[in-house]
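Visitor: only geometry, no sequence info:
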């Protein structure tokens, strides 16, 4: 029942040991993959907003083309997914171009606009655009910290020197949309989330807010044939 902790030397050795073990696993995988691409696995991280509205048909099409490969999808905030990627728990993940660290490589998948989302009877509904001061003057419905949606808004609020009035925090998109429809707050979401929802209005910010969404992998790691096949397929789609 005594607590066991690493010594100072152990703390220094640990990341080296993790990288060594990961390199051994990657070497074994690369040797196995000298055969045909008839087996293998892909572990990909996808933020909830994209997982719900953009990726399902792509994932199904990939599965149809490569039925022998195992595809495992992890949903989470971009910060959590990035950490999982860096620690070797994921092979690929989707993050925002603005937040790609130097130890990752990335290729752009989407150029998408973040829009202000309001119900039809909201005062903003008849406007051509919404300014940041007006947006931050409203009660907001936001994703929880760690999601790119929230990171972008927190950064804009900091630049504007304001504290957002966040009335609801949830990662559930149907709940976010329901809260907005009932008039308990507004939000900002990617265009794809609301383009077919007749009960919501989406408006640009006064200075349009565009995001480059990328698929990323570890710069110094071996990208397996299965993962390369997935990457090439997603980029082609």
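Guide: Looks like it came in fine. Just so we're clear, the structure is a prediction, and the values are computed from it rather than from any experiment.

Visitor: mind checking how far the lengthiest helix in the chain is from the chain centre?
Guide: Longest helix in the chain, counting residues (DSSP state H): helix 8-32. On the basis of Cα atoms, centre = their mean, to the nearest Å, helix 8-32 is displaced by 27 Å from the centre of the chain it belongs to.

Visitor: What are the contacting residues of the helix or strand following it?
Guide: Next helix or strand after helix 8-32 toward the C-terminus (DSSP states H and E): strand 41-46. For strand 41-46, contacts defined as Cβ atoms under 8 Å, 6 or more residues apart in numbering pick out 55, 69-76, 81, 84-85, 89-94, 226-227, 230. All C-beta spots, glycine's among them, are computed from the backbone N, C-alpha and C.

Visitor: Pull out the buried positions in strand 41-46.
Guide: Applying a neighbour-count criterion of 16 or more other Cβ atoms under 10 Å, the buried positions in strand 41-46 are 42, 43, 44, 45, 46.

Visitor: cool, and stretch 220-235?
Guide: Result for stretch 220-235 [16+ other Cβ under 10 Å]: buried residues 221-231, 233-234.

Visitor: centroid residue for the protein?
Guide: Residue closest to the average C-alpha location in the chain (Cα atoms, centre = their mean): residue 47, at 3.4 Å.

Visitor: just checking, it touches residue 76?
Guide: Yes: counting by Cβ atoms under 8 Å, residue 47 does reach residue 76; the two are 7.3 Å apart.

Visitor: So which of the contacts of strand 41-46 sit within strands?
Guide: Of the positions in those, 70, 71, 72, 73, 74, 75, 92, 93, 94 sit in strands, assigned by DSSP state E.

Visitor: What subset of those is buried?
Guide: Applying 16+ other Cβ under 10 Å to the ones in strands among the contacts of strand 41-46 flags 71, 74, 92, 93, 94 as buried.

Visitor: pretty sure the first one is touching residue 62, no?
Guide: Yes: counting by Cβ under 8 Å, residue 71 touches residue 62, with 6.7 Å between them.

Visitor: Report the set of residues contacting both of those two.
Guide: The contact sets of residue 71 and residue 62 overlap at residue 230 (Cβ under 8 Å, 6+ apart).

Visitor: Contacts only, for the nearest residue to residue 62 once chain neighbours are set aside.
Guide: Nearest residue to residue 62 in three dimensions, chain neighbours excluded: residue 233, at 5.2 Å (Cβ to Cβ, 6 or more residues apart in numbering). By Cβ under 8 Å, 6+ apart, the contact set of residue 233 is 58, 61, 62, 65.
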